[in-house]
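>>> Pasting the sequence and the predicted coordinates here, then a few questions.
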Amino acid sequence: MRDLTGSRADTEELLSTVRIGTRASTLALTQTGMVADALALAGDLRTELVRITTEGDRLTGSLVALGGTGVFVTALREALLDGRCDVAVHSLKDLPSAPAEGLVIGAVPEREDPRDALCARDGLTLATLPAGSRVGTGSPRRAAQLRATRPDLAVVDIRGNVDTRLRRVAPGDLDAVVLARAGLARLGRLDAVTDALAPTTMSPAPGQGALAVEVRADAVTDPGTPLARALAAVDHLPSRLAVTAERALLARLEAGCAAPIGAHGRLDGDLLRLDVVVVRVDGSAQLRRSLSVELPPAADVPGRLAAAARLGVDAAESLLAGGAGDLAELGAAR
């Protein structure tokens, strides 16, 4: 009979250790810590965080000039492929839509609220900001939709982590900044939000609010391993279905992560809905589409994921037919 009275250290020796790659920002570490805890609990695993410096962390300048938010991903993927870590955690909106050879998204944990949030001085909302107010964002998508909704505002391109951006609001040099509500929620900073922006006003980025747990493809070949079991337990199918549709849209449009494209997918029973928008960078024109699909029975998970992907492609085709290529630089429109 095995002695079960040993120390915690003895018990941990029996557990598999999973090395989890992460960026070193406060938000990245917080998000990765949440995933690490969930995996450890679900799979009886020990977790070890491996900090990886990405191009986006080292370089300055706008995200567009640096090549889009994919600059935050490459180094993490390289660390996965060369064995420095077993898992990498990404903000899903940062992950390029094209597949990476040898890697798969092993899990999409339950998604946070995907809306964007205005953090303004004096409790102001987007509607009550005075004309000429300076609003900071590093996202062309947010900038375009701000200009479309409030052309009288001055949109300022900014970089930096959440705290750095919030500090620029009065008494700093900005009247407001726009950030993802999900990141603020994970950092416990919802107190800074003065206006949670409706998707009809500010359509979120594809994948916003969701995390991607990326692994080497061979990590999920055997569903009986501790890591594969943990990934399956952490995966939240409604969230995965929504982001599958959103990312299929991006892939079909051949649009980068920083393109002025918004997408909001959500599951209502067996009906998957997808609202999408493409906005001219100056905000002078936009094109919206809303589509939905009835999903196969719940037991047919591959069929449901395939239907979600088709919905995204159909939405992209509708945008292209409506002239989306005249509003934004889309590879599919060339």
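Perfect, thanks for sending it.

>>> What distance do you get for residue 27 to residue 200?
Counting by CB to CB, to the nearest Å, the gap from residue 27 to residue 200 is 26 Å. Bear in mind the C-beta positions are built from the backbone N, C-alpha and C, glycine included.

>>> Also residue 175?
Residue 175 is 23 Å from residue 200, by CB to CB.

>>> ditto for residue 236
25 Å.

>>> Next: residue 177.
From residue 177 across to residue 200, the span is 21 Å (CB to CB).

>>> which one of these two has more residues nearby?
Between residue 177 and residue 200, residue 177 has the larger neighbour count (other CB atoms under 10 Å), namely 27 against 10.

>>> how about that one, what does it touch?
118, 119, 135, 136, 137, 158, 165, 166, 168, 169 (CB atoms under 8 Å, 6 or more residues apart in numbering).

>>> Can I take it that the second one is in a helix?
Going back to what we said before, that points to residue 119. No - Residue 119 is assigned strand when assessed by DSSP: H, G, I helix; E, B strand; the rest coil, not a helix.

>>> please begin residue numbering at 9 from this point
Got it, the first residue is 9 from now on, which makes the last one we talked about residue 127.

>>> ok, it touching residue 199?
No - applying CB atoms under 8 Å, one finds residue 127 not in contact with residue 199, separated by 9.5 Å.

>>> Between those two, which is the more surrounded one?
Each of residue 127 and residue 199 has its neighbours counted (other CB under 10 Å); residue 127 has more, 26 against 8.

>>> In space, what's closest to that one - neighbours in sequence excluded?
residue 200 (4.4 Å; CB to CB, 6 or more residues apart in numbering).

>>> list the contacts for that neighbour?
Contacts of residue 200 by CB under 8 Å, 6+ apart are 125, 127, 174, 192.

>>> Let's have those residues in CSV, adding pLDDT and distance to residue 42.
Formatted as CSV, these follow (pLDDT from 0 to 100; distance: CB to CB, whole Å):
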residue, pLDDT, distance to residue 42
125, 98, 19
127, 98, 22
174, 96, 21
192, 97, 14
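
>>> Can you show me the helices along this protein?
16-21, 34-51, 63-66, 71-74, 82-89, 148-157, 170-175, 189-194, 234-242, 245-261, 309-329 (DSSP state H).

>>> Those helices: which one's closest to residue 96?
Residue 96 sits nearest to helix 82-89 of all the helices of the chain, at 4.2 Å, using CB to CB.

>>> returning to what we had before: right, and the helices of the chain - which one's nearest residue 214?
It is, among the helices of the chain and with distance given as CB to CB, helix 245-261, at 3.6 Å.

>>> C-alpha coordinates for the closest one, PDB please?
Extracted in PDB, the C-alpha atoms of helix 245-261 (Å, rounded to 0.1, in the frame of the first residue of the first chain):
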ATOM      1  CA  LEU A 245     -16.300  25.300 -26.800                       C
ATOM      2  CA  PRO A 246     -18.700  28.300 -27.000                       C
ATOM      3  CA  SER A 247     -15.700  30.700 -26.900                       C
ATOM      4  CA  ARG A 248     -13.700  28.600 -29.400                       C
ATOM      5  CA  LEU A 249     -16.700  28.600 -31.800                       C
ATOM      6  CA  ALA A 250     -17.000  32.300 -31.700                       C
ATOM      7  CA  VAL A 251     -13.300  33.000 -32.200                       C
ATOM      8  CA  THR A 252     -13.100  30.400 -34.900                       C
ATOM      9  CA  ALA A 253     -15.700  32.300 -36.900                       C
ATOM     10  CA  GLU A 254     -13.900  35.600 -36.300                       C
ATOM     11  CA  ARG A 255     -10.500  34.300 -37.200                       C
ATOM     12  CA  ALA A 256     -11.800  32.600 -40.400                       C
ATOM     13  CA  LEU A 257     -13.100  36.000 -41.400                       C
ATOM     14  CA  LEU A 258      -9.600  37.500 -41.000                       C
ATOM     15  CA  ALA A 259      -8.000  34.600 -42.900                       C
ATOM     16  CA  ARG A 260     -10.300  34.900 -45.800                       C
ATOM     17  CA  LEU A 261      -9.900  38.600 -46.100                       C
END
